[in-house]
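Visitor: here you go, sequence then predicted model.
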Amino acid sequence: MSDRSSLAALWSHVVDNLRARISPDAYERWFSSICLTEITEESARLAVPDAIHKLWIEMNYLPPLRESFKSITGIIPLLELECATHNLQQQGPPPMAPRSRAVKVQAAAPEAPSPVVRAAAVRLPAPPAPKEPEPVPDSAVEEPVSGNEDGIAQRHTFNTFVVGANNQFAHAAAMAVAQRPARAYNPLFLHGGTGLGKTHLMHAIGAHIRGARPKARVLYITSEEFTNQFIGALQEHSLPKFRKRFRLADVLLIDDIQFLAGKERSQEEFFHTFNALFDGNKQLVLSSDCPPAEMRNLESRLASRFEWGMMAEVTPPDEETRVAILRKRAESLRVEVPPNVIDYLASRIRSNVRRLHGALFRVASWISLHGPISLVQTEDLMRDLVQEESTKHITIDRIQKTIAESFDIRIADMTSRKRPANIAFARQVAMYLSRELTGCSYQEIGLAFGGRDHGTIMHACRSVDSRLKEQESLRLRLDSLMTTLKRSS
């Protein structure tokens, strides 16, 4: 059986398995025109028609696609998607073998690959010749984390990251860590709201280190996955294997570390993992939606360790940076978006980068289906997103004015040092709502309330939160105030 026919047969079985995991419409729209062009023991390369297919599959369908590969081949490969213009036009696509709904391929055990895998194995390259160890890092682990297990996303690199005033410091710190792991800032702690680029920077660090030092053991994982794997190791009595995986990494990147809060056993395990890596001069990179000092139910010994190195905040981008982000993404999608449409999206979608990308992808999809788009058509297409976004644009200044009116105090009392009970409580409520509705840090809120420190803001938020649990009337009043603020924003 020829190489191309073997690949086509394997892909036929994979997509048959995939059909059961996604809707028929999703399959026909996104997978009916895809070809498998290469597979190795660690990766599989797929040719997709265009950049929109590539982005949409990467955003929405990689997990079920990996599971389908696992069901058929017994491994979960690193998936690489290439646009057809880069691959198929030059090589020609391998023919798709006829798909038969009657064919049922059982999940292959690793020791006994299915016949389909054996047929495709002619494309598997020989193992690379041994190389001399890289000078940095110098790890003694016998079994490095392989490419399909490290969790690093190929598309998130420093080249695709748009630098602005909101993330300049975090980007510089990430670059320093990538270039000099365990020598610049250790740990590096990135914090900021959802969808602002923290995860992108973490993947960029991992990809850069892996590219510069192929033998480095780089591992990216979310704290939720860390916890789930820890629980699984406890249940399966495989803690030594679990600990070896994490404690012998050269670079460990843990995303959304705030989800360890309140999980005592997981915190205990990560405490020892942190110590093992730090003491071994290995690089740690952590991310969270808030600084360590603001995490509730996090052990103080962990919080203090998170602050040992460098903390860098990522904030929402300004309009100029949003325009740059949209232009770069449009370029990567190879779609021509009118400048006035770019400006409209940048002025309306202000909360985070992820929503910006989603808005542009919607425009790009429209253009791919219907052709050039006008500003009027864009406004109609974005109506629901813009409406949602308007509820997110609530300022501390607006909150202070609304609470001052509701509690019958002066706006100046919000920043004063007056301590009468009615003024102090109204001020605490305004601080609480600022934290709940704006996404600002405690430090930013403190500055807006007369230069108060973050500890004062934390105390105010906890005090109001405690009273809300006890006083139904207060909860109803704050619900009403929040509704008013969202409508008026």
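Guide: Looks like it came in fine.

Visitor: hmm, residue 218 is touching residue 203, no?
Guide: No - using CB atoms under 8 Å, residue 218 makes no contact with residue 203, being 10.1 Å away. Bear in mind the C-beta positions are built from the backbone N, C-alpha and C, glycine included.

Visitor: who's more crowded, these two?
Guide: residue 218 (26 against 23; other CB atoms under 10 Å).

Visitor: now for residue 218 and residue 203: what residues contact both?
Guide: 152, 253 (CB atoms under 8 Å, 6 or more residues apart in numbering).

Visitor: show me where the protein has its strands.
Guide: 35-39, 43-48, 78-83, 188-192, 218-222, 251-255, 283-288, 310-314 (DSSP state E).

Visitor: what angle separates the first one from strand 43-48?
Guide: With axes from the mean of the first three to the mean of the last three CA atoms, to 10 degrees applied, the angle from strand 35-39 to strand 43-48 works out at 160 degrees.

Visitor: over to the fifth one?
Guide: What separates the directions of strand 218-222 and strand 43-48 is an angle of 70 degrees, with the same axes, to 10 degrees.

Visitor: direction included, what does strand 218-222 pair against?
Guide: strand 251-255 (parallel) (DSSP bridges).

Visitor: which residues are in contact with the strand it pairs with?
Guide: Strand 251-255 is contacted from outside by 137, 151, 181, 198-199, 202-203, 205-206, 209, 216-223, 226, 246, 270, 273, 277, 282-287, using CB under 8 Å, 6+ apart.

Visitor: tell me the contacts of the residue nearest the centre of the chain?
Guide: Centroid check for the chain by CA atoms, centre = their mean gives residue 199 as the closest residue, at 4.3 Å. Residue 199 makes contacts with 156, 255, 287, as judged by CB under 8 Å, 6+ apart.

Visitor: pLDDT and neighbour count for those residues - can I get that in TSV?
Guide: Below are these laid out as TSV (pLDDT from 0 to 100; neighbours: other CB atoms under 10 Å):
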residue	pLDDT	neighbour count
156	89	20
255	94	23
287	96	24
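
Visitor: now those as CSV including distance to residue 10?
Guide: Formatted as CSV, the contacts of residue 199 follow (distance: CB to CB, whole Å):
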residue, distance to residue 10
156, 28
255, 32
287, 37
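
Visitor: go through those and name the one nearest residue 326.
Guide: Nearest to residue 326, judged by CB to CB, of the contacts of residue 199 is residue 156 at 17.5 Å.

Visitor: the closest one reaches residue 207, doesn't it?
Guide: Yes - contact criterion CB under 8 Å: residue 156 and residue 207 qualify, at 6.9 Å.

Visitor: spit out the residues that contact the two alike.
Guide: With CB under 8 Å, 6+ apart, residue 156 and residue 207 have no common neighbours.

Visitor: low-confidence bits of the stretch 51-200 of the chain, can you list those?
Guide: 84-149 (pLDDT under 70).

Visitor: change it to 90
Guide: 51-64, 66-156, 160, 164-166, 168-169, 182-185, 192-195 (pLDDT under 90).

Visitor: excluding chain neighbours, what is closest to residue 56?
Guide: The shortest distance from residue 56 to any non-neighbouring residue, by CB to CB, 6 or more residues apart in numbering, is to residue 30 (6.2 Å).

Visitor: now do the contacts for that neighbour.
Guide: 53, 56-57, 61.

Visitor: again with residue 256
Guide: Contacts of residue 256 by CB under 8 Å, 6+ apart are 222-224, 287-289.

Visitor: which members of these are classed as buried?
Guide: By neighbour count, with 16 or more other CB atoms under 10 Å, those hold 222-223, 287-289 as buried.

Visitor: so residue 271 sits against residue 299, correct?
Guide: Yes - assessed by CB under 8 Å, residue 271 is found in contact with residue 299 at 7.1 Å.

Visitor: now the residue nearest to the centre of the chain: how far from residue 352?
Guide: Using CB to CB, to the nearest Å, one obtains 12 Å as the distance from residue 199 to residue 352.

Visitor: just residue 437 next, same as before
Guide: Residue 437 is 15 Å from residue 352, by CB to CB.

Visitor: repeat that for residue 62.
Guide: From residue 62 to residue 352 the distance is 21 Å (CB to CB).

Visitor: more crowded one of these two?
Guide: residue 352 (21 against 13).

Visitor: fine by me, we can end here.
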